[in-house]
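J.: only the shape, not the letters, is given here:
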Ligand code: HEM
């Protein structure tokens, strides 16, 4: 079947044909000096024809059942250019313009990217673990981002994507171990408690230092400092690299902000200089940490010791294991810090909501103790936050929904007919577009593009997902799904398709840290809300900026502009002590 060109291109094609005819007449009519203008026109005509042919070729389906092809304006490379220039916003924009297509094909040089924008299909992708897998992509990504040498790159590639019963490579072993340690159980409870106590120590010490001394800060920088320092402490113990070399905190954020450029892999020391130097500084400090055996100190989390043990078992040197730890520190800090920022910002930008959440916290998760001092000590029961503070929980989830444009990625290992309907060609890439799914009015209602602080309370209360108004209604103090022991903090949100909440990814690559992060973020937000007041720097209302979506969305997106606030320690409460 001949391919249909868009009307604009069809008329261009006709114009070119008539241009060609007149050029050839011109050339044959000119008896001597063939003039330069005619030559230029011939070249332009040839180029346009080549363009049209390439445009048509890129649109040719590789199989009758391949999802509809969205051709690039610049054939083959246009989509890659768009992604490089506009980050995640580029593909999200295509997805939003093509809402009628649950999946579409983006042609790229020698391959295809299949973009899935429908939760039911996303679920099917996540289930097709035999033929669609993230694992084979990991070594190329980690080599670029973390800079592993050839020997360790080979170790990473060994037994990379085993079937059940086959020998497991290092990546699979690490994956399984992290899942078992961070899944519900005693290790998770212990780690969550340590994390919250460490954060409480930081917040209490800040309050003591600034009791009568308000300061103006960048809210994101202020929050991520707490998270970076305490995560390094509770994971890697008191002699962790950031504690011994505080300047490494800047190196860490340089690395984070240059991840997209590192991923490009084009002379990274030049094109991603800051990120490259940041990573190398961190890797060097972690290498010293491991070579001095500081990972065996008291106060180091068991998960870290187990990670090192597994890396060594698989043939890693201590020096190169340091690079792997940079990635784990990254996983532990970045999303937690940015999510906390959004939750705090959304609360303080809405004074009524803030007061409501403070009351909810004091009633449901705090016991005040009069210790004879000026202010009562507050005992924080972090287990109660999830069950007794539904508004806080809803703001947390909504911050994740609005802040996450994450793409879950899979490699097509063999030709696949997904759901018996869509053909995916071997060696192509599948991306589940979280940003498009999170903005889908069919899933989230007409207010999908708005931040609705109580959206998830309404979803829990209603059988359907028709959330429309933002009226603040008091939910019962104990959520039913929480008291029945079901998964309350991730993808299983009542009234929403299980694959529609994408902030933690899904399927085999679902974030193993999501339970832990939920405990940690709720507790940290509670501490901030109870301990300080925030005012806009120049007075007036705190305004929530848009997210910066013109980057590769490797984690929860940051704001488009800095939010500067005055932090004032509150008079009504003293130290926060985490009791459970
Ligand atoms: C709000 C906080 C967090 C968010 C939004 C988040 C989100 C994610 C996402 C989207 C992925 C990739 C999923 C995919 O590819 O489909 C991921 C993977 C991962 N996350 Fe998280 N994460 C958070 C906190 C944490 C924390 C605190 C830890 C560890 C302490 C952690 C550990 C990991 C690990 C180890 C992976 C890789 C899993 C694998 O493929 O084996 N995350 N996370």
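T.: Nice, I can see it. Keep in mind it's a predicted model, so treat the numbers as computed, not measured.
J.: what is the burial count for the closest residue to residue 505 other than its chain neighbours?
T.: Leaving aside its chain neighbours, residue 505 sits nearest to residue 408 (4.9 Å; criterion: Cβ to Cβ, 6 or more residues apart in numbering). For the C-beta atoms, the positions are set from N, CA and C on the backbone; glycine is no exception. Counted with other Cβ atoms under 10 Å, the neighbours of residue 408 add up to 23.
J.: for residue 12, report the pLDDT, please.
T.: Predicted confidence (pLDDT) for residue 12: 54.
J.: likewise residue 551?
T.: 89.
J.: just say helix, strand or coil for it.
T.: coil (DSSP: H, G, I helix; E, B strand; the rest coil).
J.: pLDDT on whichever strand or helix holds residue 188, on average?
T.: Element membership of residue 188 [criterion: DSSP states H and E] is helix 186-209. Averaged across helix 186-209, pLDDT comes to 93.
J.: ok, stretch 309-328 next?
T.: pLDDT averaged over stretch 309-328 gives 96.
J.: domain map for the chain?
T.: Using automatic domain parsing, the domain ranges for the chain come out as 1-60, 170-406+441-499+503-578.
J.: can you name the residue of the stretch 51-200 of the chain nearest the ligand?
T.: residue 175 (3.9 Å; Cβ to the nearest ligand atom).
J.: what segments of the stretch 51-200 of the chain are helices?
T.: 78-86, 88-97, 119-127, 138-146, 150-157, 170-182, 186-209 (DSSP state H, counting those that start in this stretch).
J.: columns mean neighbour count on top of those helices, output as TSV?
T.: Below are the helices of the stretch 51-200 of the chain laid out as TSV (neighbours: other Cβ atoms under 10 Å):
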stretch	mean neighbour count
helix 78-86	16
helix 88-97	20
helix 119-127	20
helix 138-146	19
helix 150-157	16
helix 170-182	18
helix 186-209	19
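J.: immediately after the host helix or strand of the residue nearest to residue 505, which helix or strand?
T.: Using DSSP H and E, residue 408 maps to strand 407-412. Toward the C-terminal end, the helix or strand that comes next after strand 407-412 (DSSP H and E) is strand 416-418.
J.: looking at this structure, which helix or strand is least sure?
T.: Least confident element among the helices and strands of the chain, by mean pLDDT, DSSP states H and E: helix 480-483 (a mean of 31).
J.: the residue of the stretch 351-500 of the chain found nearest the ligand: what's it in contact with?
T.: Closest to the ligand within the stretch 351-500 of the chain is residue 408: 3.8 Å, counting by Cβ to the nearest ligand atom. Neighbouring residues of residue 408 by Cβ atoms under 8 Å, 6 or more residues apart in numbering: 122, 125, 126, 134, 431, 432, 434, 502, 505, 506, 507, 509.
J.: is it bridged to anything, and to what?
T.: residue 432 (DSSP bridges).
J.: what distance do you get for it to residue 429?
T.: The gap separating residue 408 from residue 429 is 11 Å, by Cβ to Cβ, to the nearest Å.
J.: kindly report the same for residue 106.
T.: Relative to residue 429, and taking Cβ to Cβ, residue 106 is found at 9 Å.
J.: what bits of the chain have low per-residue confidence?
T.: 1-34, 463-492 (pLDDT under 70).
J.: how about the residues of it by the ligand?
T.: By the rule Cβ under 6 Å from any ligand atom, the part of the chain lying against the ligand is 134, 175, 178, 331-332, 335-336, 339, 400, 406, 408, 503-506, 509, 511-513, 516-517, 556.
J.: quick one: contacts for residue 308?
T.: Per Cβ under 8 Å, 6+ apart, neighbours of residue 308: 290, 295, 318, 321, 325.
J.: mind listing the strands for the stretch 251-400 of the chain?
T.: 366-369, 377-380 (DSSP state E, counting those that start in this stretch).
J.: count of neighbours near residue 295?
T.: Every residue meeting other Cβ under 10 Å relative to residue 295 is counted, giving 23.
J.: show me where the stretch 451-580 of the chain has its strands.
T.: Using DSSP E, counting those that start in this stretch, strands in the stretch 451-580 of the chain cover 532-536, 564-569, 576-578.
J.: out of the ones you listed, flag the one nearest residue 270.
T.: Relative to residue 270, the nearest member of the strands of the stretch 451-580 of the chain by Cβ to Cβ is strand 564-569, separated by 33.1 Å.
J.: who are the packing partners of that closest one?
T.: Counting contacts by 3 or more Cβ pairs under 8 Å, 6 or more residues apart in numbering; DSSP states H and E, strand 564-569 is packed against strand 215-218, helix 219-236, strand 532-536.
J.: how does it look with 7 Å?
T.: strand 215-218, strand 532-536 (3 or more Cβ pairs under 7 Å, 6 or more residues apart in numbering; DSSP states H and E).
J.: tally of neighbours for residue 263?
T.: 16.
J.: now for it: which residues touch it?
T.: 141, 144, 145, 552 (Cβ atoms under 7 Å, 6 or more residues apart in numbering).
J.: circling back to that earlier point, dump the helices of the stretch 51-200 of the chain to a markdown table, plus distance to residue 414.
T.: Listed next are the helices of the stretch 51-200 of the chain as a markdown table, based on distance: least, Cβ to Cβ, whole Å:
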| stretch | distance to residue 414 |
| --- | --- |
| helix 78-86 | 24 |
| helix 88-97 | 25 |
| helix 119-127 | 15 |
| helix 138-146 | 19 |
| helix 150-157 | 18 |
| helix 170-182 | 19 |
| helix 186-209 | 36 |
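J.: of all these, which lies closest to residue 375?
T.: Across the helices of the stretch 51-200 of the chain, closest to residue 375 is helix 186-209 (Cβ to Cβ), at 9.5 Å.
J.: returning to what we had before: format the contacts of residue 408 as CSV; extra columns: distance to residue 356.
T.: As requested, the contacts of residue 408 are exported to CSV (distance: Cβ to Cβ, whole Å):
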residue, distance to residue 356
122, 34
125, 39
126, 36
134, 40
431, 38
432, 34
434, 29
502, 28
505, 31
506, 32
507, 36
509, 36
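J.: ok, now which ones touch residue 366?
T.: Counting by Cβ under 7 Å, 6+ apart, residue 366 has contacts 378, 379, 380.
J.: just to revisit the earlier point, ok, and which of the strands of the stretch 451-580 of the chain has the densest surroundings?
T.: When you average the neighbours per residue for each of these (mean count of other Cβ atoms under 10 Å), strand 576-578 leads with a mean of 20.
J.: and it, which strands flank it?
T.: When DSSP bridges is applied, strand 576-578 pairs with strand 377-380 (parallel).
J.: name the residues that touch the strand it pairs with?
T.: Counting by Cβ under 7 Å, 6+ apart, 365-369, 371, 523, 526, 530, 573-579 sit against strand 377-380.
J.: and the residue nearest to residue 374 when sequence neighbours are not counted, how far from residue 376?
T.: The shortest distance from residue 374 to any non-neighbouring residue, by Cβ to Cβ, 6+ apart, is to residue 574 (7.2 Å). Distance of residue 574 to residue 376, computed by Cβ to Cβ: 6 Å.
J.: likewise for residue 225?
T.: Distance from residue 225 to residue 376, by Cβ to Cβ: 27 Å.
J.: is residue 386 in contact with residue 392, as I believe?
T.: No: Residue 386 is not in contact with residue 392 according to Cβ atoms under 7 Å; the separation is 9.0 Å.
J.: please enumerate the helices of the stretch 201-350 of the chain.
T.: So, for the stretch 201-350 of the chain - with DSSP H, counting those that start in this stretch - the helices run 219-236, 241-244, 248-257, 259-264, 268-271, 273-291, 302-313, 318-348.
J.: picking that back up, find residues that contact each of residue 386 and residue 392.
T.: residue 522.
J.: of residue 574 and residue 376, who's got more company?
T.: residue 574 (22 against 17).
J.: and the more buried one, what does it touch?
T.: Residue 574 touches 373, 375, 376, 377, 378, counting by Cβ under 7 Å, 6+ apart.
J.: neighbour-wise, give me the winner out of those.
T.: residue 378 (25 neighbours).
J.: for that one, give its distance to residue 573.
T.: Residue 378 is 5 Å from residue 573, by Cβ to Cβ.
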